[in-house]
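Enquirer: Provided below for reference: sequence and predicted model.
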Amino acid sequence: MSQILKDFMLRLRSDRKTQVITGVVGIAILFLIFGESGGARRRQKGDLKQVNVGANDPNERWTDLVERFNGQLNSLTQNTNALREDVDTQKKAMQEYEATTAEIFKKILERLAELQNSTSTAGGNTAPKDLGDITGPGLASADPNELESIAASDAIPAQPPAPPVKVRLAAIMPGDSVRIKLLAGVNAPTDGTPYPVVLKLIGDIIGPDGNSIPLGEARVIAAAQGSLTDSRVLFRLTRLSLRLPNGRRKEFTIDGWIVGEDGIRGMEGVLIDPIGKAIAGAGFAGGLSGLGQGIAAANRNTLYYNSSGSQSSQSQVDQSQIPAYAGGLALSSAAQEWQQIIRERLQLLVPVVQVLSGREATAVFSQSLAIPDLLEQIDDENPSVVYTSLD
């Protein structure tokens, strides 16, 4: 009980809310004390009068005020009790935390003490001892004259670390060239559509000053396009596929072009243009149409006569030549339909430049390329033994 009073006094000194609550409670108590004594005196003086409590009672306002203060006092009392319970809970949690912390520190100190004791026990046998005091059947005595001083021996110089191994790369640079062979023929369209072709290396890649890189019979994938102006097929190198001497296959992205046998970019081919056949077909269809119209006109009679001073004409088909007239119209209509079909088909046909297989040319690289693990595996004496035919 004394501890609670001490806590209350301490809170009363420092907590503003506690001070306000205490002041309100004190005022309420004083009001109740003086209000009850004044009412008793009034009742003693007015014994002869009957006190009417009702709408006109002058003490009704004081009664309501007292009831309001009582309600506030009860609310403050409940809040005070709740605050007291929170304080008790916090004190209990703090005590538990302090006890847990103390237990942890106690265990740490005990562990440190155990480690210190074990270290001192293990280090007790590390003191230097005189070798003369050590005796045993397994010890052999040595002649002092046979012992050699370590300082007298020649010091072995420290060897420097080995230099790093430099990786050798077979480098293909822009401008290097190689002879190639067209493995499959191609009809390259002239509308700009790329047509894939496969080529084979038939020689080493030649660089500046006669430098060469053997790649065996590597394969090159290229995109072919026909040129309508000079009837040539233009090639652009795209992929390179090769086999290393150890049997592994690798592919690389490349770029370049092909120079034909005449030293001009591309290969000369044969232009296949359907426009000649289309013109011939259209002319033949036009002739048939004219023939049919002529047959129809030959079997139609035209009569001229004057009517009201003006001349007019009227065409009539000869009754005996109706089959010939109908045949002419049918021939003309069929020929016109043929012309329309040729016109529509001509819009779909694309001229191509044809190059047959087996042609040889020179491929020129336009981008650099590094091929690892190639130079280490090539036999310098006979590199052709490593590369066997892939055909």
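Expert: Arrived safely, thanks for sending.

Enquirer: In the stretch 1-150 of the chain, what residue spans correspond to helices?
Expert: 2-14, 16-45, 60-122 (DSSP state H, counting those that start in this stretch).

Enquirer: where's the spatially most central residue of the chain, which helix or strand?
Expert: Nearest to the mean C-alpha position of the chain, counting by C-alpha atoms, centre = their mean, stands residue 253 at 22.1 Å. In the assignment (DSSP states H and E), residue 253 maps to strand 249-259.

Enquirer: Show me the shaky parts of the stretch 151-300 of the chain.
Expert: 151-158, 165-168, 276, 278, 281-282, 296-300 (pLDDT under 70).

Enquirer: all helices in it, in order from the N-terminus.
Expert: Under DSSP H, counting those that start in this stretch, the stretch 151-300 of the chain gives helices at 275-298.

Enquirer: Which parts of it are strands?
Expert: Counting by DSSP state E, counting those that start in this stretch, residue ranges of the strands within the stretch 151-300 of the chain are 169-172, 177-182, 186-189, 195-201, 205-206, 212-213, 219-227, 232-243, 249-259, 267-268, 270-272, 300-307.

Enquirer: Any regions of the stretch 1-150 of the chain where pLDDT drops low?
Expert: Using pLDDT under 70, the stretch 1-150 of the chain drops low at 1, 35-59, 120-150.

Enquirer: Just the buried positions in stretch 357-364, please.
Expert: Residues of stretch 357-364 classed as buried: 359, 361, 362, 363, 364 (neighbour count, 16 or more other C-beta atoms under 10 Å). Just so you know, the C-beta spots here come from the backbone N, C-alpha and C atoms, and that holds for glycine as well.

Enquirer: Out of the residues you listed, which sit inside strands?
Expert: 361, 362, 363, 364 (DSSP state E).

Enquirer: Name all residues that make contact with the second one.
Expert: The neighbours of residue 362, taking C-beta atoms under 8 Å, 6 or more residues apart in numbering as the test, are 177, 178, 179, 180, 258, 259.

Enquirer: Look up how far residue 248 lies from residue 369.
Expert: 17 Å (C-beta to C-beta, to the nearest Å).

Enquirer: Who has more neighbours out of the two?
Expert: Neighbour count, other C-beta atoms under 10 Å: between residue 369 and residue 248, residue 369 has more, with 19 against 10.

Enquirer: Quickly list what the more buried one is bridged to.
Expert: residue 172 (DSSP bridges).

Enquirer: Isn't it up against residue 254?
Expert: Yes - under the criterion of C-beta atoms under 8 Å, residue 369 makes contact with residue 254 at 6.0 Å.

Enquirer: How about the contacts made by residue 247?
Expert: Contacts of residue 247 (C-beta under 8 Å, 6+ apart): none.

Enquirer: Domains in the chain, by residue range?
Expert: 1-30, 171-270+357-385, 274-305+314-348 (automatic domain parsing).
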